[in-house]
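In: Whatever this is, show me its structure:
(2 chains)
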Amino acid sequence: MLRMSTLFLRTLREDPADAVVPSDRLLTRAGLVRRVAPGIFSWLPLGYLVYRNVERIVRAEMDAAGFQEVHFPGLLPREPYERTHRWTEYGDNLFRLKDRKGNDMLLGPTHEEMFTLMVKGEFSSYKDLPLHIYQIQIKYRDEARPRAGILRGREFVMKDSYSFDIDDAGLQRSYDQHRDAYIKTFDRCGLDYVIVSAMSGAMGGSASEEFLAMSEFGEDTFVQCTSCGYAANVEAVTTPVPVALPFDGVPAAHVEETPDTPTIESLVDLSNARFPRGDRAWTAADTLKNIVFRVTDPDGTQWALAVGLPGDREVDMKRLEAVLHPSVPEPFDESDFAARPTLAKGYIGPGALGEAKPAKVRYLLDPRVVEGTRWITGSDISGRHVYDLVAGRDFAADGTIEAAEIRDGDACQCGGTLTQARGIEIGHIFQLGRKYAQALDLTVLDEHGKSQVVTMGSYGIGVSRLVAAIAEQHHDDKGLTWPREIAPADVHLVATGKDEAPWVKAEELAAALEAAGLRVLFDDRRQASPGVKFNDAELIGVPTVVVVGKNLANGIVEVRDRVSGERADVPVDDALQHIIDACRA
RNA sequence: CGGGGCGUAGCGUAGUGGCUAGCGCGCGUGCUUUGGGAGCACGAGAUCGUGGGUUCGAAUCCCGCCGCCCCGACCA
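Out: Numbers count the residues shown, from 1 in each chain, chains lettered A, B, ... in the order given. Prediction:
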């Protein structure tokens, strides 16, 4: 039994000045966590109870799926990460340190290497597969900017698991098993979440999905189709390709004088003033904007890329980076332009773009720029634009690219419309494939005695982040409203009143509830006023609150439901059973 | 790393050149109080982030440094 009179807890009446998101504010005010350094937190007794409840659910579902728990060190040697190139690829996000001999060490940001090497050390036959192992471990990532409290720390707890299979079909089965286990886990946590397609990105491999808890404070933007159920991270959204248009009646392309129109807006204004369209006004969507980037490959090679897209859209850097990964795009700077005199800044057009052209700029188009679409675009001469330039007739590109910003109302592949929302990434599952097994030489013998590289899946849950994600979704203006399985207790029992009787009865009831197997948080503080106790109970968010006070004189105790706010006056003699029923409902 | 803001008691804050740094919460002692953050009295708690400078006098003005928060870039 937890007694408030002795609990190591101090709730705060005021919001901490630095806390911005609801979960951070409430977890701090309710005395569950305290910030120690940016992105680094301590768990106090009540918070640690909540944390362990979440961890227990995650572990239980992993175990139920038949996965086996292991535990790696958080402090790791450099060498395995050197072999997979992550010692360098992880960059500044890796916490690095040296031991007394001067050897490089790191605090593990994730443990693919360790899992792979462990399996390599023990298993060597296809008969040993499939294998699923997991750990719940503190991870360290030196984020450039930790924020939002527990939601995004530099030290956090993650459950990471890995599957090992001999072939692709096995990997798919393993992936599906994990997906099911994750659904059960997040359902038990009482979360409202979506499963979205994600970019497999750096890790390689094919299938990849993210579990996003709905929250306006989430850092991931995703889209959902209002009609077909499709959901995807913005980075992974694909744009439907419009049907090609006939262009028989379109006049031949012609260059016009358009002085001082380096921006789309100025170009549209000038076009309407000097070259009116007749049937309607020109808009930004009639222009073809070409944005150039310098792209750096992992091996250091640099090349130029132009993205052509309708003038009413911006390039979404996140989407561009996601498609190009692991290469890194940066906007052209003055020296890049200087090196390519055929590119007229502000007036760049398809005429100068393409790998075959002198500037050697790889030219990729937004899928919306299909054959037959007609555009106003740069003529590659400062102060002039081309009109009626028709895609497929007057120009072609090296390919297409998904890099344009996504907007609410954009079309889905199914013909429906997409809407955007934000979410907190609570889980990520993906088919790693053979990248790590290859790099670390994890092979097993198949049934023909031939050596085969193992194929892996990688699956993560942000355990500590889950606590914050649940808090984001389960609170009201008074405080936290934990789902029962997550809550630090089943019953928050408040004793109050000037007579001795309620205190005696409350003690008795607390003991009886505990004997019945319920977890009891007993507010037995003598000095605190009723108002303080009620407010603390609401802040802390235990689902069932019981008040033994002045109504005991009438044989009544009060049972409150924290979430619904319902209050029931219950005869003392029925109280025990009533509370047990309420907690087991 | 770019842009913005802020460092005053455990927490929230006032104080823009004048000597004793103020208030609320919390904390301690005593009395009163116990159904919605109680009252009274007394009390403890701050080298005003840090180093230097200006000045008769600096929390306050100037310069450097450190730290923190927010937006962006980046990320479970």
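In: Restricting to C-alpha, output the longest strand anywhere in chain A in CSV.
Out: Using DSSP state E to define each element, chain A has its longest strand at strand A:418-433. Once side chains and other backbone atoms are set aside, the C-alpha atoms of strand A:418-433 remain, and they are given as CSV (Å, rounded to 0.1, in the frame of the first residue of the first chain):
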residue,chain,number,x,y,z
LEU,A,418,-6.0,12.7,-48.1
THR,A,419,-6.1,14.6,-44.8
GLN,A,420,-3.1,15.2,-42.6
ALA,A,421,-2.6,14.7,-38.9
ARG,A,422,0.2,14.3,-36.5
GLY,A,423,1.3,11.4,-34.4
ILE,A,424,3.9,10.2,-31.9
GLU,A,425,5.9,7.4,-33.2
ILE,A,426,5.5,4.7,-30.6
GLY,A,427,6.5,1.7,-32.7
HIS,A,428,8.3,0.9,-35.9
ILE,A,429,8.6,-2.4,-37.6
PHE,A,430,10.6,-3.2,-40.7
GLN,A,431,12.1,-5.8,-42.7
LEU,A,432,15.8,-5.2,-42.5
GLY,A,433,16.8,-7.8,-44.9
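In: Beta-bridge partners for the spatially most central residue of chain A, please?
Out: In chain A, the centroid-proximal residue (Cα atoms, centre = their mean) is residue A:425; its distance is 2.5 Å. According to DSSP bridges, the residues that bridge with residue A:425 are residue A:212.
In: That one reaches residue A:218, doesn't it?
Out: Yes: checked against Cβ atoms under 8 Å, the pair residue A:425 and residue A:218 is within contact range at 7.4 Å. For the C-beta atoms, the positions are set from N, CA and C on the backbone; glycine is no exception.
In: Return every residue with contacts to both of the two.
Out: Between them, residue A:425 and residue A:218 share the neighbouring residues residue A:212, with contact defined by Cβ atoms under 8 Å, 6 or more residues apart in numbering.
In: Close to RNA strand B: what parts of the stretch 1-150 of chain A are there?
Out: A:10-18, A:20, A:35, A:37-39, A:93, A:141, A:143-148 (Cβ under 7 Å from any atom of the strand).
In: how many other residues sit next to the closest residue in space to residue A:98 that isn't next to it in sequence?
Out: Spatial nearest neighbour of residue A:98, excluding adjacent residues (Cβ to Cβ, 6 or more residues apart in numbering): residue A:104 at 6.0 Å. By other Cβ atoms under 10 Å, 14 other residues sit near residue A:104.
In: Residue A:104 reaches residue A:88, doesn't it?
Out: No: Residue A:104 lies out of contact with residue A:88 (Cβ under 8 Å); the separation is 11.5 Å.
In: Just list the residues touching the residue in the stretch 151-300 of chain A that RNA strand B sits nearest to, thanks.
Out: Per Cβ to the nearest atom of the strand, residue A:156 is where the stretch 151-300 of chain A lies closest to RNA strand B, at 3.6 Å. Under the criterion of Cβ under 8 Å, 6+ apart, the contact list for residue A:156 reads A:138-139, A:141, A:150, A:462-465.
In: Downstream of the lowest-mean-pLDDT helix or strand in chain A, the next helix or strand is which one?
Out: Averaged element by element with mean pLDDT, DSSP states H and E, chain A has its least confident helix or strand at helix A:334-339 (a mean of 76). Moving toward the C-terminus from helix A:334-339, the next helix or strand (DSSP states H and E) is strand A:361-365.
In: what's that following strand in contact with?
Out: By Cβ under 8 Å, 6+ apart, the residues outside strand A:361-365 that reach it are A:290, A:292, A:303-309, A:340, A:343, A:350, A:352-355, A:391, A:397-401, A:403.
In: helix or strand right after that strand?
Out: strand A:374-378.
In: got the CA positions of that next one in CSV?
Out: Written as CSV, here are the backbone C-alpha positions of strand A:374-378 (Å, rounded to 0.1, in the frame of the first residue of the first chain):
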residue,chain,number,x,y,z
ARG,A,374,1.3,22.9,-70.5
TRP,A,375,3.5,25.3,-68.5
ILE,A,376,5.0,28.7,-68.1
THR,A,377,8.6,28.1,-67.1
GLY,A,378,12.1,29.5,-67.1
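In: what lines up beside the helix or strand following it in the sheet?
Out: Toward the C-terminal end, the helix or strand that comes next after strand A:374-378 (DSSP H and E) is strand A:384-390. Taking DSSP bridges as the criterion, strand A:384-390 pairs within the sheet with strand A:254-257 (antiparallel), strand A:374-378 (antiparallel).
In: most tightly surrounded among those strands?
Out: Of all the strands paired with strand A:384-390, strand A:374-378 carries the top mean neighbour count, a mean of 26, counting by mean count of other Cβ atoms under 10 Å.
In: For the stretch 301-450 of chain A, which residue gets nearest to RNA strand B?
Out: Checked against RNA strand B (Cβ to the nearest atom of the strand), the nearest residue in the stretch 301-450 of chain A is residue A:425, 3.5 Å away.
In: Could you measure from that residue over to residue A:462?
Out: 7 Å (Cβ to Cβ, to the nearest Å).
In: Also residue A:157?
Out: Residue A:157 sits 8 Å away from residue A:462, taking Cβ to Cβ as the criterion.
In: Looking at those two, which is more packed in?
Out: Set side by side, residue A:157 and residue A:462 show more neighbours around residue A:462, with 27 against 21, by other Cβ under 10 Å.
In: returning to what we had before: what's the least confident stretch among the strands paired with strand A:384-390?
Out: Per-segment confidence across these bottoms out at strand A:254-257, which has a mean of 82 in mean pLDDT.
In: returning to that earlier point: and the contacts of residue A:156, which are buried?
Out: By neighbour count, with 16 or more other Cβ atoms under 10 Å, the contacts of residue A:156 hold A:139, A:141, A:150, A:462-465 as buried.
In: ok, of the residues you listed, which one's closest to residue A:564?
Out: Distances from the buried ones among the contacts of residue A:156 to residue A:564 were compared by Cβ to Cβ; the smallest belongs to residue A:150, at 26.8 Å.
In: give me every residue that touches the closest one.
Out: By Cβ under 8 Å, 6+ apart, residue A:150 lies in contact with A:23-24, A:27, A:33, A:41, A:156, A:464-465, A:467-468.
In: want to throw the residues you listed into a markdown table with pLDDT?
Out: Formatted as a markdown table, the contacts of residue A:150 follow (pLDDT from 0 to 100):
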| residue | pLDDT |
| --- | --- |
| A:23 | 93 |
| A:24 | 93 |
| A:27 | 95 |
| A:33 | 93 |
| A:41 | 92 |
| A:156 | 93 |
| A:464 | 94 |
| A:465 | 95 |
| A:467 | 96 |
| A:468 | 95 |
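In: Cheers, nothing more for now.
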